[in-house]
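In: predicted model follows, preceded by the sequence.
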Amino acid sequence: MHMVKRLEIIASSREMHKILEPLDEAKLHYSIIRDVIGKSSWGEVSDDSDFASTTLSNIYILSFCTEQQVQPVLERIRPVLNKFGGVCYLSDATEIQSLK
Amino acid sequence: MHMVKRLEIIASSREMHKILEPLDEAKLHYSIIRDVIGKSSWGEVSDDSDFASTTLSNIYILSFCTEQQVQPVLERIRPVLNKFGGVCYLSDATEIQSLK
Amino acid sequence: MHMVKRLEIIASSREMHKILEPLDEAKLHYSIIRDVIGKSSWGEVSDDSDFASTTLSNIYILSFCTEQQVQPVLERIRPVLNKFGGVCYLSDATEIQSLK
Amino acid sequence: MNSSLILSNVLNPPILFFFIGLAAVFLKSDLEIPQPIPKLFSLYLLFAIGFKGGHELHESGLTPEIAVTLLAAIIVAAVVPIYSFFILRLKLDIYNSAAIAATYGSISAVTFVTASTFLTRLNVEFGGHMVAALALMESPAIIVGLLLVRIFANRRAADDSTPDGSAPDGSAPDGSTPKAAFSWSEVLRESFLNGSVFLLMGSLLVGLVTRDQGWKSLQPFTGEMFYGILTFFLLDMGLVAARRFQDLRKGGSFLIGFSILMPVVNALIGIWIAALIQMSAGNALLFTVLCASASYIAVPAAMRMTVPEANPSLYISMALALTFPFNIIIGIPVYFQIIQHFWR
Amino acid sequence: MNSSLILSNVLNPPILFFFIGLAAVFLKSDLEIPQPIPKLFSLYLLFAIGFKGGHELHESGLTPEIAVTLLAAIIVAAVVPIYSFFILRLKLDIYNSAAIAATYGSISAVTFVTASTFLTRLNVEFGGHMVAALALMESPAIIVGLLLVRIFANRRAADDSTPDGSAPDGSAPDGSTPKAAFSWSEVLRESFLNGSVFLLMGSLLVGLVTRDQGWKSLQPFTGEMFYGILTFFLLDMGLVAARRFQDLRKGGSFLIGFSILMPVVNALIGIWIAALIQMSAGNALLFTVLCASASYIAVPAAMRMTVPEANPSLYISMALALTFPFNIIIGIPVYFQIIQHFWR
Amino acid sequence: MNSSLILSNVLNPPILFFFIGLAAVFLKSDLEIPQPIPKLFSLYLLFAIGFKGGHELHESGLTPEIAVTLLAAIIVAAVVPIYSFFILRLKLDIYNSAAIAATYGSISAVTFVTASTFLTRLNVEFGGHMVAALALMESPAIIVGLLLVRIFANRRAADDSTPDGSAPDGSAPDGSTPKAAFSWSEVLRESFLNGSVFLLMGSLLVGLVTRDQGWKSLQPFTGEMFYGILTFFLLDMGLVAARRFQDLRKGGSFLIGFSILMPVVNALIGIWIAALIQMSAGNALLFTVLCASASYIAVPAAMRMTVPEANPSLYISMALALTFPFNIIIGIPVYFQIIQHFWR
Ligand SMILES: Nc1ncnc2c1ncn2[C@@H]1O[C@H](COP(=O)(O)O)[C@@H](O)[C@H]1O
Ligand SMILES: Nc1ncnc2c1ncn2[C@@H]1O[C@H](COP(=O)(O)O)[C@@H](O)[C@H]1O
Ligand SMILES: Nc1ncnc2c1ncn2[C@@H]1O[C@H](COP(=O)(O)O)[C@@H](O)[C@H]1O
Ligand code: NA
Ligand code: NA
Ligand code: NA
């Protein structure tokens, strides 16, 4: 059992690859929940007008990682979120060591 | 970077609008994950018998907000959850300021 | 309002029943988000090749419970995660008592 | 009784696929049909039967016989929940009794459709207005169910006059059901504007006003695909019914008995009314099946909103895991043999 | 003007189901068609119209008349956004003006398809190459929209030269739009390789090269199902349009006026061009409808990526909640009457 | 070799749409077909081919020729994984070798279906019992794959006798594979009750016992729609195959070589057996294709449960990104030319 950081990012699915790139390069592990809708100062995000291959809904990215891993990733994600929108939060968690 | 509250609500999708109303009025930003299933003292919630436009599955609402914002919202959500079921939890998180 | 533990498990949907069994026996309440994709040392998990009834995507299980409830559950989940993969994290949260 | 009709009913793709669904769960196969595929199929079925019924109703016009049938349908849908409620009260609380009662007053579109393919197979005719009867039978049961709660849970409700029934600081609230829950506008909306009822009614209306050209253009979609999609959907219904079966065993023998005997009683009443108002044999079977079937679509959705105190897994499971299979496998051919016996 | 054509247009399943969708939302029914069902239907429609258009284009070959039509289509798609932009700039910022302008330069495949079923009903012929025109009109509008941003938002962009515009320690970044956003490769990819455009073009190509045998085998799927799936899809479009209607009211009367008047202006320009290059009446209607319609599929997706500063709920809502219903309910029959008037 | 047969194979909607899917990914289009649409299509395909095969098997009855074919199918499915395993062991560990071996012993229903539309186009007949062969070939390979793990990973498994192999206080567990994982009931369930196998078998059974009336009513759904849905599905397969292609490059040239050469070897063995038991040319092609194809549906699902140590992205990618495209584009016409050459 050791302490880790819990990184949460919510952004438009169209920016998914831009956001995952820094995570991949930092070799973070992560999970993605798709088809997330929401509301923010930019207005409502829904998927009811996502016709054809258009997808305008959000994704929720969750990654448990160490404090050291997270810092460089944040620096690289920030400009993407600034430009295209999206939010990012950190909190604490304890890893139940599975010792694979 | 500043501390925020992480508000999580899980309830039946049929009460979504009743729950979102207080959030909207308090101008909270939020994200919604749909098609959540689960189990509680009321029994199992699954979506396998959701035929036609019936939707009996749950939604998961996630909102990051300040401590001040959250209190009045809790007061208004509580009776809805008491009547129709649903749970609500608070925890701490750090906002990675995107400075839009 | 009292403190609870927030238990998060991410694993392949094919192990869902194996993981839920200990939770059910400990009478935990929980929610499940399906169709979660992700990446870990085992590689990428996506659902694009989930044809027919094959489902290889992940599930995300969230359970708020007391510290005492969680310990025996962890002991029983660990071997499943060790064998089939999957991760498990604990954090803190405050229950907004709905006093049903 | 001639068992060959039961066998010939069973040996058809829709029923056989229902069995395959059941078998998949009982044998622990991982066969699964994830949402929203079942939703797509049921929306399609409502769309297609509404449209077809409307078109045929347009062709026949509103005859006195049809008007009487529709009236009878509404009355049955309103009366069944009343006596069901009192039977259920022997063992259950007010909320669950009312919800289950409403479930059995209402109807199952898929049972209806299975009966109509049964008739088509036997070359027995039936009228498009029966779809109108189907559409009209969803709502009254919901309203009566809620009235029953309102009347019998009156005292409790009277106590709960705080519209927002919780103490402000988290101290013990009373778990109350505020009166606001009985706002009639919400109840009526749930009954008549419930998604399934609305789509069925809407499609019926379109079928009524649309001219032959529109009908013909839709025929390949709503007509020719129908049997295949019904078959596929019944595979899913089999999967769901089998999963729900476990829930039911917890409910005990009273509820299991109710799920089988109630449809039979309602069917006999249906046959008696059908004879009384001299329906044709085909229409009589459809009417009987409407009386005998129980809703697992519209009513559960409405009850979740308006009687949240009732346990959905009870009323959904009874309708889905017992009444539905009983009706489509044994009920339909048996009801029809009784009808044939008396109609001769 | 002869109103019977409007009525006969309305009294058809697709339009009637669109109304049912609208009604469901306005009456607060809980009818809903969850994703990805609408996605499935729209992928199907793109697949089917592309394939059908390609096949017919193969039969007709590339005549000079067709070449002129395609050229006209591209020009209209490129020019409409330019004058739309300047009109919109009267009230809106550069980003939203450009995004809405692109939306109106581009096209709506469902409006096109509704117009083609309208013609089929009246037994008026039209050419398969109109689908090629449709496919060609998505991309230019996207490119012109982005050019408009590039030109007019130039100064702002010039300031933002840091490719990764944030201070390293979390201190105030400048909220900049790095120039990298204008990488032409990304813009061209979004225009030509946008999923909807790509599927439409691809299906057209397959229709072109596939021989009669392939065509015939696909006919039950892409041909006979078409009308039914279109009808079902329009039910969903009605639901979505009604929900979007609220967004629009916030946008104010300028945008509401634009959403109705712009299509009419573009339609008249379309009719004028169609007359000029002597299209047949059927082709003229389809061309007019392409000019008059606005995109809610390809353009929003492209704009979200390339002009993230614009508000998607504005341009999607305008195209979906006003322009689309206006065109399919009133526009199509009215445009056709004007065409019939002049073509005689 | 006559290349016109390859060209005529390629110039058909299903294969062309497969290429469009490939192109979409390689050109970085955002075209996507989200779940559960691909699931719906593949459930449909299993449903339709099972039902069709069952119906035809009913018409032909169980002749000795058919019995021999089915026996040969089972034997091939059981033997292919064995020699594949030893080839793979040259470079890979036990777990991955066994999983890939099972993948190549099993079959791909879509490859089979593509071959059958190829034959239909050439007016070459084939028997419904080939679908039974298809259904019978999924399970043996799974079982043999697991037996291989059991035998060769024996010593490791022997050490891991704690059924719950972790220390109680979170201190270092041994990452063990408890013997329980080899419970035969689970293995047999995964092989025979795997969702895809079960649906295919079930549909076959329904097709067998259903009478002509049921068959005819389902024909518009399972028959006429088939080609269209196959075409649409192959678009998605193209998207997925192209995405998986990247995974494969990491796997190195050994696996790439295996993915192409193994099917060819298995095809030649298939042709030789088909000649031996004197199948007709049509049946011979289908049998060959069954031998040559690799599973990306049933086997991956079963292996994930029963050999979790193997890397799914390896065996899925090989089957999907190389073997599948190779078989449907080049394999089918080439195998058929060889068959035609020898059958004359
Ligand atoms: N405070 C918040 N809490 C939860 N979700 C949020 C919050 N702010 C934004 N989001 C989500 O992030 C998406 C993008 O946010 P924005 O960048 O503000 O447009 C929104 O559509 C929401 O789904
Ligand atoms: N302790 C819990 N942890 C996670 N989810 C819960 C918990 N309790 C309830 N839920 C979710 O909230 C839904 C409604 O809960 P209830 O109000 O207890 O019926 C359940 O169906 C679960 O999905
Ligand atoms: N550190 C992490 N943070 C978030 N999700 C993770 C993490 N590690 C693994 N996962 C998820 O858990 C799944 C199984 O992980 P594994 O057992 O490492 O294969 C992965 O596919 C991810 O979706
Ligand atoms: Na009834
Ligand atoms: Na336009
Ligand atoms: Na094989």
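Out: Yep, that arrived. Small disclaimer: the values here were computed from a predicted structure and weren't measured. Ligands and ions are numbered 1, 2, ... in the order given.
In: which stretches of chain A form helices?
Out: A:16-25, A:67-84 (DSSP state H).
In: burial check on the residue of chain A at minimum distance from chain F, number of neighbours?
Out: Of all residues in chain A, residue A:53 sits closest to chain F, at 4.9 Å by CB to the nearest CB. Just so you know, the C-beta spots here come from the backbone N, C-alpha and C atoms, and that holds for glycine as well. The local packing of residue A:53 (other CB atoms under 10 Å in any protein chain shown) involves 25 other residues.
In: how close does the residue nearest to it when sequence neighbours are not counted sit to residue F:311?
Out: Nearest residue to residue A:53, sequence neighbours excluded (CB to CB, 6 or more residues apart in numbering or on different chains): residue E:195, at 2.8 Å. According to CB to CB, to the nearest Å, residue E:195 and residue F:311 sit 30 Å apart.
In: same deal with residue D:50?
Out: Relative to residue F:311, and taking CB to CB, residue D:50 is found at 50 Å.
In: tell me which helix or strand in the chain has the weakest average pLDDT.
Out: This is for chain A. strand A:43-45 (a mean of 89; mean pLDDT, DSSP states H and E).
In: not quite, go with chain D.
Out: helix D:154-159 (a mean of 50).
In: centre of the chain to the following helix or strand past that helix, how far?
Out: Next along the chain after helix D:154-159, taking DSSP states H and E as the criterion, comes helix D:184-192. Centroid separation for helix D:184-192 versus its chain: 18 Å, with CA atoms, centre = their mean, to the nearest Å.
In: secondary structure element for residue D:234?
Out: Following DSSP H and E, one finds residue D:234 within helix D:226-251.
In: is that helix positioned near chain E?
Out: No: judged by CB under 8 Å from any CB of the partner chain, helix D:226-251 stays clear of chain E, getting no closer than 10.8 Å.
In: next, see if that helix gets close to chain C.
Out: No: Helix D:226-251 stays clear of chain C (CB under 8 Å from any CB), getting no nearer than 10.0 Å.
In: report the rounded mean pLDDT for that helix.
Out: Regarding helix D:226-251, the rounded mean pLDDT is 91.
In: for the helix or strand that that helix is followed by, name the packing helices and strands.
Out: Of the helices and strands lying after helix D:226-251 in sequence (DSSP H and E), the nearest is helix D:253-276. With contacts defined as 3 or more CB pairs under 8 Å, 6 or more residues apart in numbering or on different chains; DSSP states H and E, the packing partners of helix D:253-276 are helix D:64-89, helix D:94-105, helix D:226-251, helix D:281-292, helix D:324-326, helix D:332-343.
In: lowest-confidence stretch among those?
Out: helix D:226-251 (a mean of 91).
In: give me the residue from chain A nearest ligand 2.
Out: residue A:33 (15.2 Å; CB to the nearest ligand atom).
In: who does residue A:32 form a beta bridge with?
Out: residue A:61, residue C:37 (DSSP bridges).
In: what residues does chain A put near chain E?
Out: A:12, A:14, A:35, A:42-44, A:47-56, A:75-76, A:78-79, A:82-85.
In: which of these are buried?
Out: A:12, A:14, A:35, A:42, A:47-56, A:75-76, A:78-79, A:82-85 (16 or more other CB atoms under 10 Å in any protein chain shown).
In: neighbours of the closest residue in space to residue D:247 that isn't next to it in sequence, how many?
Out: Residue nearest to residue D:247 in three dimensions, not counting chain neighbours: residue D:317, with 4.3 Å by CB to CB, 6+ apart. Residues near residue D:317, counting by other CB under 10 Å, number 27.
In: now do the one 3 residues further on
Out: Other residues near residue D:320 number 30, with proximity taken as other CB under 10 Å.
In: residue contacts, it?
Out: B:49, D:237, D:240, D:241, D:244, D:296 (CB atoms under 8 Å, 6 or more residues apart in numbering or on different chains).
In: was I right to think residue D:318 contacts residue D:254?
Out: No: look at residue D:318 against residue D:254 with CB atoms under 8 Å: they stay out of range, at 10.8 Å.
In: which one's more surrounded, those two?
Out: A count of neighbours by other CB under 10 Å puts residue D:318 above the other of residue D:318 and residue D:254, at 26 against 13.
In: what count of nearby residues applies to the residue of the stretch 51-200 of chain D found nearest chain B?
Out: With CB to the nearest CB, the shortest gap between the stretch 51-200 of chain D and chain B falls at residue D:195, namely 2.8 Å. Residues lying near residue D:195 (other CB under 10 Å) number 22.
In: per-residue pLDDT, it?
Out: 90.
In: mind listing what it touches?
Out: Residue D:195 neighbours (CB under 8 Å, 6+ apart): B:52, B:53, B:54, D:298, D:301, E:24, E:29, E:30, E:31, E:32.
In: what's the burial count for the last one?
Out: In other words, residue E:32. Residues near residue E:32, counting by other CB under 10 Å, number 20.
In: in what helix or strand does it lie?
Out: Using DSSP H and E, residue E:32 maps to neither a helix nor a strand.
In: so who does it touch?
Out: B:53, B:55, D:195, E:239.
In: so which of those residues is the closest to ligand 3?
Out: Looking across the contacts of residue E:32 and measuring by CB to the nearest ligand atom, the closest to ligand 3 is residue B:55, at 26.1 Å.
In: about what we covered before: to chain D, which of the helices of chain A lies closest?
Out: helix A:16-25 (22.2 Å).
In: which parts of the closest one are buried?
Out: A:16, A:18, A:19, A:20, A:22, A:23.
In: so does it get close to ligand 3?
Out: No: counting by CB under 6 Å from any ligand atom, ligand 3 has no neighbours in helix A:16-25; the shortest distance is 9.8 Å.
In: got the residues of chain A near chain B?
Out: Counting by CB under 8 Å from any CB, chain A sits next to chain B at A:8, A:10, A:33, A:35-41, A:58, A:60, A:74, A:78, A:81-82, A:85-92.
In: near ligand 1, list only the ones from those.
Out: Among these, ligand 1 is touched by A:10, A:38, A:40, A:41, A:58, A:85, A:86, A:87 when using CB under 6 Å from any ligand atom.
In: can you give me the pLDDT of the nearest residue to residue D:284 once chain neighbours are set aside?
Out: Distance criterion CB to CB, 6+ apart; nearest residue to residue D:284, sequence neighbours excluded, is residue D:274 at 3.7 Å. Looking at residue D:274, its pLDDT is 97.
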